[in-house]
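**Q** give the three-dimensional model of this entry:
(chains A and B)
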Amino acid sequence: AQKITQTQPGMFVQEKEAVTLDCTYDTSDPSYGLFWYKQPSSGEMIFLIYQGSYDQQNATEGRYSLNFQKARKSANLVISASQLGDSAMYFCAMREGRGNTPLVFGKGTRLSVIA
Amino acid sequence: DTGVSQDPRHKITKRGQNVTFRCDPISEHNRLYWYRQTLGQGPEFLTYFQNEAQLEKSRLLSDRFSAERPKGSFSTLEIQRTEQGDSAMYLCASSRPWGPGSYEQYFGPGTRLTVT
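**A** Next comes the predicted model:
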């Protein structure tokens, strides 16, 4: 079974609007972490935001917030006030267990911001 | 903090040749990871190290692949007898020792391998 599922291959959003990128995960480990990375066309993976399984509050980093719904096993990324530079691939990822264990990535969502 | 570096950035090789990639992690990071990313997919884990010890290898890592981190600093990934299916972006990442605020894996720019 897929551990990380991103069901939106592509998304379009108008500049200055908010957009939500979906991510669901599957794990039986009570300790895990969820990540979102951005990959522009240049290929580098840019860390955006992290949510630990025991964190009580949803993570926020500037225009990025993570809508963490533990019971539903979802970790959606919300980007507010989209900018043209936000156009990129976005990957949801998970590590299981304690410590900096390897990440399991979803297939990604390509976001296109329209002027 | 100079970031994770990888060399070369691009490699074109003929099927059957051997290739070696290098990754230099951020200096104080003790964990180093190798991932492979094919077109249209997310990165897939290959192997990782804590200092010089190789902690885990994915079943994706066939016996043609070998990775080393001899002094716990830089790492090399070698592919022997390359096949066209090895064409991919090879990504290296590093992370700090586990602790508060140390969860992030920092990625390098990747080495794009094309096997002809």
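**Q** and the residue sitting nearest the centre point of chain A, which of the three is it?
**A** The centroid of chain A falls nearest to A:Trp36 when counting by CA atoms, centre = their mean (3.4 Å). The three-state label given to A:Trp36 by DSSP: H, G, I helix; E, B strand; the rest coil is strand.
**Q** tell me what it is bridged to.
**A** Taking DSSP bridges as the rule, A:Trp36 bridges to A:Ile49, A:Cys92.
**Q** that one: what's it in contact with?
**A** Residues in contact with A:Trp36, defined by CB atoms under 8 Å, 6 or more residues apart in numbering or on different chains, are A:Leu21, A:Cys23, A:Leu48, A:Ile49, A:Tyr64, A:Leu66, A:Ala75, A:Leu77, A:Tyr90, A:Phe91, A:Cys92, A:Ala93. Just so you know, the C-beta spots here come from the backbone N, C-alpha and C atoms, and that holds for glycine as well.
**Q** now, which of those sits nearest B:Gly42?
**A** Each of the contacts of A:Trp36 was scored against B:Gly42 by CB to CB, and A:Phe91 proved nearest at 5.0 Å.
**Q** just want the residue of chain A that's nearest chain B.
**A** At 3.2 Å from chain B, A:Phe105 is the closest residue in chain A, using CB to the nearest CB.
**Q** list the contacts for that residue?
**A** A:Phe105 makes contact with A:Ile4, A:Tyr37, A:Phe91, A:Cys92, A:Ala93, B:Gly42, B:Pro43, B:Glu44, according to CB under 8 Å, 6+ apart.
**Q** need the residue closest to the centroid of chain B.
**A** Centre-nearest of chain B using CA atoms, centre = their mean is B:Trp34, 3.0 Å out.
**Q** pairing partners for whatever helix or strand that residue lives in, with directions?
**A** Element membership for B:Trp34 (DSSP states H and E) is strand B:31-37. Using DSSP bridges, the strands paired with strand B:31-37 are strand B:44-50 (antiparallel), strand B:88-95 (antiparallel).
**Q** for the record, mean pLDDT for it?
**A** In this model, strand B:31-37 has a mean pLDDT of 96.
**Q** what's next to that strand, contact-wise?
**A** Counting by CB under 8 Å, 6+ apart, A:100, A:102-103, B:23, B:25, B:43-50, B:60, B:67, B:69, B:75, B:77, B:88-97, B:105, B:110 sit against strand B:31-37.
**Q** shaky segments in the chain?
**A** Defaulting to chain A. Where chain A drops to pLDDT under 70, the residues are A:1.
**Q** oops, chain B please
**A** B:1, B:101.
**Q** which SS class is the residue lying farthest from the centre of it?
**A** For chain B, the residue at maximal distance from the C-alpha centroid (CA atoms, centre = their mean) is B:Pro100, at 25.2 Å. At B:Pro100 the chain is in coil, as set by three-state DSSP.
**Q** nothing else from me, thank you.
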